[in-house]
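this one's sequence-less:
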DNA sequence: ACGGCTGAAACC
DNA sequence: TGGTTTCAG
């Protein structure tokens, strides 16, 4: 359900930039022969010619649509070029398009706050830049840029045939305009400039919408395509929305939009205006009602987030019909492939952007052998993410088994899996100055060395594959890791990540967030007597097993030693995949007593400082003896 | 037997 | 919270 946000009182200048048939453009840049030709990008050519995921404008002219099959597209447009998405590890590999998207983001982020909305879309908050331009009177922009801006489409600006560009020029610099329109005009010029730069530096064209909020900018960015931009002056909003079909509005393309049509007879956004809150009251919750009310009036307070990188990484594959997986071995095989890709991607994120993912989640779709249409769904499962391909594979398989067990409800029926996916989420920036901790996170085995002292290189260390105490590696021993230049899987240029990290760090401080939620790898530094703690699952909280002399088996023992919580202690712990028979306790990396830090090698001490802080974890409140020096009760 | 693969966000 | 659901492209 959409949620309305408070509207900033000051007028903003927001742009939404959308790449034109992006995957096609990426392929056309790789293979110039495809330029200007009817072209589509397709994945999996073996079944009915594969599914189209992007279509060039030439091909659209022939009636080729996204979500056609390759065969169908050939029928409609025999001359079409079908380019296949690269395949790696038996699945579509979108990295080529991801990094192309990053090229664009790096350019678009130069003029103001920039939010990566998807692989090929961004939002920009150009308010400051527009105000700045407005201070120079008259605004100075190169004629080349102004010419481009003059090609804008201005919503509500009536133009006699052939006079459009002249009228737009006039609109862009009319001196009697109100302040808001002047800001928008500057926004249009800035966006035109950015689009020219994108074209020059990447060879990609894009379209854009410029308005006072995200909703309106997004709404019009696709209105004139390709390679055009559209401006929404305040004065044209009412008329524009009045005739806009409800389904065109973002968030109303699905069930909510259908409900508005079917249940209330609302056909356009304008129709919504005649509905008072009372009438909507019977149908929808308060959030939806106020969102609808504001939306109908073109009001949207949603801010542009300062974020150039994705919040999660996922890889998945479907196994339709006869391809469904029916035994653990085949599931394991595919899961291994997916995890391999995921591991590679988060490793790139780590190396390039200094970000660590905390949670691994497994999703699957499944059906049971006999029950034709069991409504029962395969449950998602998650656990703390441990770096290293082998570990991810191992953990993912455990998550699968756990989910399968729950799915089957101890029935003895056969099953089949029709889709699998693994996702890495809860990604945090690593605070500057703590980067050497990364040496203890396993990197790609093919890693080549980077000799930069404070670099993020992650050396291969086979011992890290074992859940045992690992001695700190000295700087000299530091193996080189993958060079950043060779890392073509990377998500963004370091120029981006530096700027982004800076922004994130400021955000973190202002919000008083903890610097970093620790990665479980830190546990490797913590030993208790001759015991070793093994990281196990659960995101945020960690479930750890204890091995060594004097094993503790039951909750009461755990209590006695003030282990924060026994695994079954929390009502949702049962959803974790736990190794049967092992002793598991849950605690949080943030629960570590600062005293422990003193026992650690100085190098590590410095690293951990700032990571160790009181935990919010409710299950850590009990007080105990021995182990409390390691895992003190929370004060709070 | 399918649009496949991604991603974000709100709800409970 | 983690897990589910919705939406989008």
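Arrived safely, thanks for sending. Given the structure is predicted, the values throughout are model-derived calculations rather than measurements.

since we're on the residue in the stretch 401-550 of chain A that DNA strand B sits nearest to, how many residues are nearby?
Residue nearest to DNA strand B within the stretch 401-550 of chain A: residue A:418 (5.1 Å; CB to the nearest atom of the strand). From N, CA and C alone the C-beta is placed, and that goes for glycine too. For residue A:418, the neighbour count with other CB atoms under 10 Å is 16.

near DNA strand C at all, the one helix or strand it maps to?
Applying DSSP states H and E as the criterion places residue A:418 in strand A:415-429. No. Strand A:415-429 lies out of reach of DNA strand C by CB under 7 Å from any atom of the strand, never closer than 7.6 Å.

So which elements touch that strand?
strand A:313-318, helix A:328-353, strand A:355-368, helix A:389-408, helix A:494-511 (3 or more CB pairs under 8 Å, 6 or more residues apart in numbering; DSSP states H and E).

Just send these back as JSON lines, with mean pLDDT too.
Putting the helices and strands packed on strand A:415-429 into JSON lines (pLDDT from 0 to 100) gives the following:
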{"stretch": "strand A:313-318", "mean pLDDT": "95"}
{"stretch": "helix A:328-353", "mean pLDDT": "93"}
{"stretch": "strand A:355-368", "mean pLDDT": "90"}
{"stretch": "helix A:389-408", "mean pLDDT": "91"}
{"stretch": "helix A:494-511", "mean pLDDT": "48"}
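
So which of the ones you listed is nearest residue A:306?
helix A:494-511 (4.7 Å; CB to CB).

can you put the helices and strands packed on strand A:415-429 in JSON lines and add mean neighbour count?
Supplementary listing: the helices and strands packed on strand A:415-429 in JSON lines, determined by neighbours: other CB atoms under 10 Å:
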{"stretch": "strand A:313-318", "mean neighbour count": "18"}
{"stretch": "helix A:328-353", "mean neighbour count": "20"}
{"stretch": "strand A:355-368", "mean neighbour count": "22"}
{"stretch": "helix A:389-408", "mean neighbour count": "20"}
{"stretch": "helix A:494-511", "mean neighbour count": "15"}
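
Redo these as JSON lines? Include distance to residue A:245.
Output for the helices and strands packed on strand A:415-429, formatted as JSON lines (distance: least, CB to CB, whole Å):
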{"stretch": "strand A:313-318", "distance to residue A:245": "31"}
{"stretch": "helix A:328-353", "distance to residue A:245": "38"}
{"stretch": "strand A:355-368", "distance to residue A:245": "32"}
{"stretch": "helix A:389-408", "distance to residue A:245": "40"}
{"stretch": "helix A:494-511", "distance to residue A:245": "37"}
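
Which one of these lies nearest to DNA strand C?
strand A:355-368 (6.4 Å).

following that closest one, which helix or strand comes up?
Next helix or strand after strand A:355-368 toward the C-terminus (DSSP H and E): strand A:381-384.

hmm, that following strand touching DNA strand C?
Yes. Residues of strand A:381-384 are located near DNA strand C by CB under 7 Å from any atom of the strand, namely A:381-382.

ok, and does that strand reach over to DNA strand B?
No. Strand A:381-384 lies apart from DNA strand B when judged by CB under 7 Å from any atom of the strand; the minimum separation is 12.0 Å.

before we move on, back to that, quick one, the strand holding residue A:418 and helix A:389-408 angle?
Interaxial angle, strand A:415-429 versus helix A:389-408 (axes from the mean of the first three to the mean of the last three CA atoms, to 10 degrees): 130 degrees.

Do me a favour and average the pLDDT over strand A:415-429.
Summarised as a single mean, pLDDT over strand A:415-429 is 91.

Contacts only, for residue A:230.
A:152-155, A:207-210, A:220-221, A:223-224 (CB atoms under 8 Å, 6 or more residues apart in numbering).

Close to DNA strand C: what parts of the stretch 1-150 of chain A are there?
Going by CB under 7 Å from any atom of the strand, the residues of the stretch 1-150 of chain A near DNA strand C are A:118, A:120-121.

So which of these belong to strands?
A:118, A:121 (DSSP state E).

Who does whichever residue of the stretch 1-150 of chain A sits closest to DNA strand C form a beta bridge with?
Scanning the stretch 1-150 of chain A for the residue nearest DNA strand C gives residue A:118, at 5.8 Å (criterion: CB to the nearest atom of the strand). Taking DSSP bridges as the rule, residue A:118 bridges to residue A:121.

That one: neighbouring residues, count only.
Around residue A:118 there are 11 other residues, counting by other CB under 10 Å.
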